[in-house]
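1. this one's sequence-less:
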């Protein structure tokens, strides 16, 4: 697929300045000519006095290729370099109209960047022959709200290495596809691969909004990565950061001697939490830039969705700020009205141009209607991370079981609001860094209890309404806190406890895919029913997940103390045999082997509002899943 540089016409200029141009990458940046006669360059720098393209082909001489401003007042400068060829490095030397400011900038629209620590852009074409036609034709069903979705969150540089060295996109493609397929994950979510100068930012400090990081290879290598995962039936989501950008001199900041991409006032334009610059969403051209970036990844890299980072920081003008450090909106409120409008425009553009993909918000507050359509007053996202669930659940599970009866509502509370939004339940990288320890390390008790607790937690999570996301290493109980330097502790998967947990997650994913009750109605109260919500004294939770009418329900029972519960009676809607789908205490997963010998007969004794009773053995620190065998 070749991006042809299209003539930037009056319509483009109008849309760009209106803030609705969604394909700026077709016009701006560097575009090689199909006939081999060099390349065309275009850059937005409205406050420049002069701009030169400096690069490998002209000895980085700023008098060799002066750009010309377009006569339409758009602030776009253009030039043709007949000698530019694929792979050469270049920058723009920008001479500002103000204060004799001169700076060398990377191309904001570059398709390829030099490998860090170098900071230039590279002349590049996006030719690639895709082989994921089957996936692309049918992926709408895999990315839909009623699909089973189990997402494996990955940081490419620290997932696996070879002799301490990072792997390339192509090497990672095969290893990661093999592993994700074996484990049963439906999607992988990549922490940002957009080019970033500082590796330790994990990609969240982006300078290249159209360039995959050169640390792992070329744009074509990244296309091959996505292509291969698609051929294996695995969706690929990308973490994308339209909230802020780093202040590195070659980046977007102070681009033409003015605050072009960011707000000039630090109360609006500087991010105290991340030491970075905040995009100016009231500037239409900036909105066009960001919407174009989002659609570029979905179109040219066939990505299945974007997880939009730090949405809360965009929505609130006073985010991470003290009194007097922020400016109210025109109504005197703390909502960022321009950011809201931008997010609505963004999501409408995504669903218009790429309807088979899903935009997911990482939004940590109770902002209403995040995943409701724009015409209903919503932000228009497809799904939203449930950060409240994550914090409450981890807080509960970190408690010694003897105290859990006092905190029972930390697990039941999520069902009060579970259907207000289309939620993803995340156990993400945020929870295993900065001294928070590993997932297994948060669990109380001795080694056996820690693993039993984590299996019980994951069973509860997989049973709970909402899509699932698990950060790499959590699936086998890595004990060391995650670090971006080095790889996961793969050697521990040889140990029985870790291998048992890994086998358990594999089975959770299998059951999630096979049982419509566990995914069809994730976002509807019709898919959920409490059977026992208020057994705080015994720390027991029992609920039913239900599929569309006429389908088979699944019962989930959690016993979150180390005491086995025998003869535990639960009312159920169906008689006959109920079969154990999964028991987190099974010996094959490292458990003690308590349970119900694989099945239980429901007796015709009414309990609560149901006509039948199951008498269960609930293993210590466990989650069980059962279903009526009559439906097999």
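-> Noted; the coordinates are in hand. Only a predicted model underlies this, so the values are computations on that prediction, with no experimental measurement involved. Numbers count the residues shown, from 1 in each chain.

2. Could you tell me the end-to-end distance of stretch 312-331?
-> By C-alpha to C-alpha, to the nearest Å, the extent of stretch 312-331 from end to end equals 19 Å.

3. likewise stretch 19-30?
-> First-to-last residue span, stretch 19-30, C-alpha to C-alpha: 21 Å.

4. pLDDT averaged over it - what is it?
-> The average pLDDT for stretch 19-30 rounds to 92.

5. Which positions within it qualify as buried?
-> 19, 21-30 (16 or more other C-beta atoms under 10 Å). Every residue, glycine included, has its C-beta placed from N, CA and C.

6. So which of those residues sit within strands?
-> Residues of the buried residues of stretch 19-30 located in strands (DSSP state E): 29-30.

7. what residue ranges in the stretch 301-450 of the chain score low on pLDDT?
-> When residues are selected by pLDDT under 70, none of them lie in the stretch 301-450 of the chain.

8. For it, just list every one of the helices.
-> 311-315, 337-353, 387-397, 409-412, 414-417, 439-442, 447-463 (DSSP state H, counting those that start in this stretch).

9. Out of the ones you listed, which is closest to residue 282?
-> Shortest distance between residue 282 and the helices of the stretch 301-450 of the chain, using C-beta to C-beta, is found for helix 337-353: 4.2 Å.

10. Just the buried residues of the closest one, please?
-> For helix 337-353, by 16+ other C-beta under 10 Å, it's 338-340, 342-351.

11. Redo the helices of the stretch 301-450 of the chain as CSV? Include distance to residue 267.
-> CSV is the format used below for those (distance: least, C-beta to C-beta, whole Å):
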stretch, distance to residue 267
helix 311-315, 14
helix 337-353, 15
helix 387-397, 26
helix 409-412, 36
helix 414-417, 32
helix 439-442, 37
helix 447-463, 40
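
12. To residue 199, which of these lies closest?
-> helix 311-315 (22.3 Å).

13. Number of residues surrounding residue 53?
-> 27 (other C-beta atoms under 10 Å).

14. now residue 73
-> 10.

15. So it: helix, strand or coil?
-> What DSSP: H, G, I helix; E, B strand; the rest coil gives for residue 73 is coil.

16. per-residue confidence at it?
-> pLDDT, residue 73: 89.

17. and what of residue 5?
-> 47.

18. same question, the one 4 residues further on
-> The predicted local confidence for residue 9 comes out at a pLDDT of 84.

19. Neighbours of it, how many?
-> Neighbours of residue 9 using other C-beta under 10 Å come to 11.

20. Let me know the closest of the buried residues of stretch 19-30 to residue 619.
-> Distances from residue 619 to the buried residues of stretch 19-30, taken by C-beta to C-beta, are shortest for residue 22, at 53.5 Å.

21. do you know how far that closest one is from residue 210?
-> Distance, residue 22 to residue 210, by C-beta to C-beta, to the nearest Å: 13 Å.

22. Which residues are in contact with residue 496?
-> residue 590 (C-beta atoms under 8 Å, 6 or more residues apart in numbering).

23. For it, what are phi and psi?
-> For residue 496, the backbone dihedrals (degrees, to the nearest 10) come out as phi -60, psi -40.

24. For residue 84, which of the helices of the stretch 301-450 of the chain is the nearest?
-> Per C-beta to C-beta, nearest to residue 84 of the helices of the stretch 301-450 of the chain: helix 337-353, 29.9 Å.

25. elements contacting that closest one?
-> helix 284-300, strand 305-308, helix 311-315, strand 358-361 (3 or more C-beta pairs under 8 Å, 6 or more residues apart in numbering; DSSP states H and E).

26. now that helix against helix 284-300, angle please.
-> Calculated by axes from the mean of the first three to the mean of the last three C-alpha atoms, to 10 degrees, helix 337-353 forms an angle of 30 degrees with helix 284-300.

27. Identify all contacting residues around helix 337-353.
-> Contacts for helix 337-353 (C-beta under 8 Å, 6+ apart): 19-20, 22, 242, 280-282, 287, 290-291, 294-295, 298-299, 306, 308, 311, 314-315, 329-331, 357, 359, 374, 378-382.

28. 6 Å instead, please
-> 22, 281-282, 287, 291, 294-295, 314, 329, 359, 374, 379-381 (C-beta atoms under 6 Å, 6 or more residues apart in numbering).

29. For residue 178, state which of those is nearest.
-> residue 359 (28.5 Å).

30. Next, format the helices and strands packed on helix 337-353 as JSON lines and append mean neighbour count.
-> As requested, these are exported to JSON lines (neighbours: other C-beta atoms under 10 Å):
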{"stretch": "helix 284-300", "mean neighbour count": "22"}
{"stretch": "strand 305-308", "mean neighbour count": "27"}
{"stretch": "helix 311-315", "mean neighbour count": "22"}
{"stretch": "strand 358-361", "mean neighbour count": "28"}
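
31. For these, could you give me CSV that also reports distance to residue 137?
-> Compiled in CSV, the helices and strands packed on helix 337-353 are given as follows (distance: least, C-beta to C-beta, whole Å):
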stretch, distance to residue 137
helix 284-300, 16
strand 305-308, 17
helix 311-315, 31
strand 358-361, 17
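
32. Identify whichever of the ones you listed lies nearest to residue 481.
-> Using C-beta to C-beta, the helices and strands packed on helix 337-353 put strand 305-308 closest to residue 481, at 22.1 Å.

33. okay, the buried residues of stretch 19-30 in TSV with distance to residue 425 next?
-> What follows is the buried residues of stretch 19-30, written out as TSV (distance: C-beta to C-beta, whole Å):
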residue	distance to residue 425
19	34
21	36
22	31
23	35
24	35
25	34
26	38
27	41
28	39
29	38
30	42
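
34. of all the buried residues of stretch 19-30, which comes closest to residue 319?
-> residue 19 (22.5 Å).

35. check contacts around the spatially closest residue to the closest one that is not a sequence neighbour.
-> Excluding its sequence neighbours, the residue lying closest to residue 19 (C-beta to C-beta, 6 or more residues apart in numbering) is residue 284, at 3.0 Å. Contact analysis of residue 284 by C-beta under 6 Å, 6+ apart lists 17-19.

36. Over to residue 168?
-> Contacts of residue 168 by C-beta under 6 Å, 6+ apart are 216-217.

37. rewinding a little: can you add distance to residue 590 and give the contacts of helix 337-353 back as TSV?
-> As requested, the contacts of helix 337-353 are exported to TSV (distance: C-beta to C-beta, whole Å):
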residue	distance to residue 590
22	50
281	50
282	55
287	51
291	48
294	43
295	46
314	43
329	54
359	38
374	48
379	42
380	43
381	38
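
38. Return the member of the residues you listed nearest to residue 77.
-> Looking across the contacts of helix 337-353 and measuring by C-beta to C-beta, the closest to residue 77 is residue 287, at 20.5 Å.

39. Check whether the closest one really touches residue 19, as I assumed.
-> Yes: in this structure, residue 287 is within contact of residue 19 by C-beta atoms under 6 Å, at 3.9 Å.

40. Extract the residue ranges of this protein that are flagged as low pLDDT.
-> 1-7, 631-632.

41. Farthest-apart pair in the contacts of helix 337-353, please.
-> 295 and 329 (27.7 Å).

42. Pairing partners for the helix or strand containing residue 237, with directions?
-> Using DSSP states H and E, residue 237 sits in strand 235-240. If you go by DSSP bridges, strand 235-240 pairs up with strand 187-190 (parallel), strand 305-308 (parallel).

43. Show residues contacting stretch 464-480.
-> So stretch 464-480 is contacted by 149-151, 153-154, 159, 418, 423-429, 438-440, 488-489, 493, 498, 501-502, 505, 522, 528 (C-beta under 6 Å, 6+ apart).

44. Just the ones of the residues you listed in strands?
-> 150-151, 153-154, 423-427, 528.

45. Nearest spatial neighbour of residue 532, chain-adjacent residues omitted?
-> residue 542 (4.1 Å).

46. whoops, residue 442 was the one
-> Residue 442 sits nearest to residue 398 (C-beta to C-beta, 6+ apart), 5.0 Å away.

47. same deal with residue 387?
-> residue 364 (4.3 Å).

48. cool, residue 136 as well?
-> residue 302 (6.5 Å).
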